[in-house]
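Undergrad: Quick one: sequence plus predicted model below, questions after.
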Amino acid sequence: MRIIIHGVGAIGGVVGAALAESGQEVIGIARGRMLEAIRADGIRLVSPKGRAQVDLPCVAHPSEITFRPDDVVLLCVKGQDTEPALRDLRAAGMTDQPLVCLQNGVANERAALRYFPNVHGAMVAMPATYLEPGEVITHGAPCYGLLVLGRYPGGTDAADTALKETLDRANIATILSDRVMDSKYGKLLMNLGNIVDALLPLDADRARFTERLKDEARAVFAAAGIGYEDVGLDDPQRKQFMQITEIEGVPRSGSSTRQSIARGAGSVETDYLNGEIALLGRLHDTPAPLNARLTGLSARLVADGNGAGGMSEAELEAVFANG
Ligand SMILES: NC(=O)C1=CN([C@@H]2O[C@H](COP(=O)(O)OP(=O)(O)OC[C@H]3O[C@@H](n4cnc5c(N)ncnc54)[C@H](OP(=O)(O)O)[C@@H]3O)[C@@H](O)[C@H]2O)C=CC1
Ligand SMILES: CC(C)(CO)C(=O)C(=O)O
């Protein structure tokens, strides 16, 4: 098996570095300053286990890869970058190799099925950070992260089993599930707080806002007949394999959405997180005004360019109250 990581950022970087460190053949598709840094010095993986400088072969575009039948592609870009990534992979010659969405949100797998027949999903529990080119951090221990993996829309197959063994060897605990999307809908509930985390100062009380977003989402899921599984911090499997663990001198940097703002990435994933709830609400006659409002707020946060954490709790409370 050869693993191709499309999108070497926080998740792709940790997974790619861990796989390469374990001796697995892996190629990253990276861009910008991350690509330059990795080509110059490799990628630095910082974790509760320590620091490792890892050689990670990378290309700038899928067209530089001659695809092989034994390739497995891990899609690790943000949801708003999925469609162009899929189109590039197909144009580069990828056909029926397994494509695994290591992404939050629930829209990527369906989008991928338009291009490829062999689509898999993964629920990703990995507290990963990418702020500096050439360095990725995971605060996960004893394993770097925990994945729940399965075929989309359901079931598991030999590719999942082989990938699980490969990831387990790389210290990324992997659980197979016939109903992987239940885990991903459960994770989506958690990610409704990503934009709250990006808007408020680091010491603000996020929970009271996030709970209201989740309440709306649960009502929407009920109306849509969508099942979901708790994948939160109290999940016993999660406790066993991966807990958020301090690294001396390396603070956690907030959600992946906050990191996008901090890096000036130019876009955020909110339309595929809170926006998914707004969309489902509209489809199933169960309005989700708070989640819908936050998609608009996230667009303004990116457009204003003022950085993360600039909104007070009172200001956000007013948005929740009045729109
Ligand atoms: N970070 C975390 O802790 C967690 C994240 N997730 C999910 O994992 C997924 C990935 O998130 P994360 O790793 O944080 O995101 P990042 O933004 O850190 O990484 C994505 C990387 O992909 C690059 N990229 C995007 N499009 C292309 C392209 N066409 N060609 C080459 N490179 C490309 C981006 O480049 P550029 O920077 O230039 O945009 C970026 O470096 C998301 O769905 C996220 O929600 C899930 C669990 C935890
Ligand atoms: C749950 C959380 C916030 C963990 O980092 C995450 O999935 C993300 O940052 O996108």
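TA: Received the coordinates, thanks. Ligands and ions are numbered 1, 2, ... in the order given.

Undergrad: Could you list the buried residues of the helix or strand hosting G121?
TA: Here G121, judged by DSSP states H and E, is contained in strand 119-125. Neighbour-count burial for strand 119-125 flags 119-125 (criterion: 16 or more other CB atoms under 10 Å). Backbone N, C-alpha and C define where each C-beta goes, glycine included.

Undergrad: repeat for stretch 138-148
TA: Going by neighbour count (16+ other CB under 10 Å), the buried part of stretch 138-148 is 138-141, 143-148.

Undergrad: OK, contacts around the nearest residue to M94 once chain neighbours are set aside?
TA: Sequence neighbours aside, F67 is the residue nearest to M94 in space, at 5.1 Å (criterion: CB to CB, 6 or more residues apart in numbering). Listed by CB atoms under 8 Å, 6 or more residues apart in numbering, the contact set of F67 reads 92-95, 97.

Undergrad: Would you mind giving both backbone torsions of F67?
TA: Per-residue torsions, F67: phi -70, psi 140 (degrees, to the nearest 10).

Undergrad: returning to what we had before: between the buried residues of stretch 138-148, which sits nearest ligand 2?
TA: Nearest to ligand 2, judged by CB to the nearest ligand atom, of the buried residues of stretch 138-148 is H139 at 8.7 Å.

Undergrad: Just checking stretch 80-87 against ligand 2, any contact.
TA: No: on the criterion CB under 6 Å from any ligand atom, stretch 80-87 is out of touch with ligand 2, staying 13.4 Å away.

Undergrad: Pull the residues that contact that stretch.
TA: Here stretch 80-87 makes contact (CB under 8 Å, 6+ apart) with 6-7, 75, 77, 101, 103, 107-108, 111-112, 114-116, 267-269, 271-272.

Undergrad: Mind checking which of those are buried?
TA: Buried members of the contacts of stretch 80-87, scored by 16+ other CB under 10 Å, are 6-7, 75, 77, 101, 103, 107-108, 111-112, 115-116, 268-269, 271-272.

Undergrad: of the residues you listed, list those near ligand 2.
TA: When CB under 6 Å from any ligand atom is taken as the criterion, no member of the buried ones among the contacts of stretch 80-87 contacts ligand 2.

Undergrad: In strands, which of these appear?
TA: Among the buried ones among the contacts of stretch 80-87, the members falling in strands are 6, 75, 101 (criterion: DSSP state E).

Undergrad: and the strand holding G121, does that touch ligand 2?
TA: No: contact of strand 119-125 with ligand 2 is not found when judged by CB under 6 Å from any ligand atom; the minimum separation is 6.8 Å.

Undergrad: And the next helix or strand past that strand?
TA: Per DSSP H and E, strand 119-125 leads on to strand 128-129 as the next helix or strand towards the C-terminus.

Undergrad: what pLDDT does the closest residue to Q259 other than its chain neighbours get?
TA: Among residues not flanking Q259 along the chain, S253 sits closest, at 5.8 Å (CB to CB, 6+ apart). If you check S253, the pLDDT there is 89.
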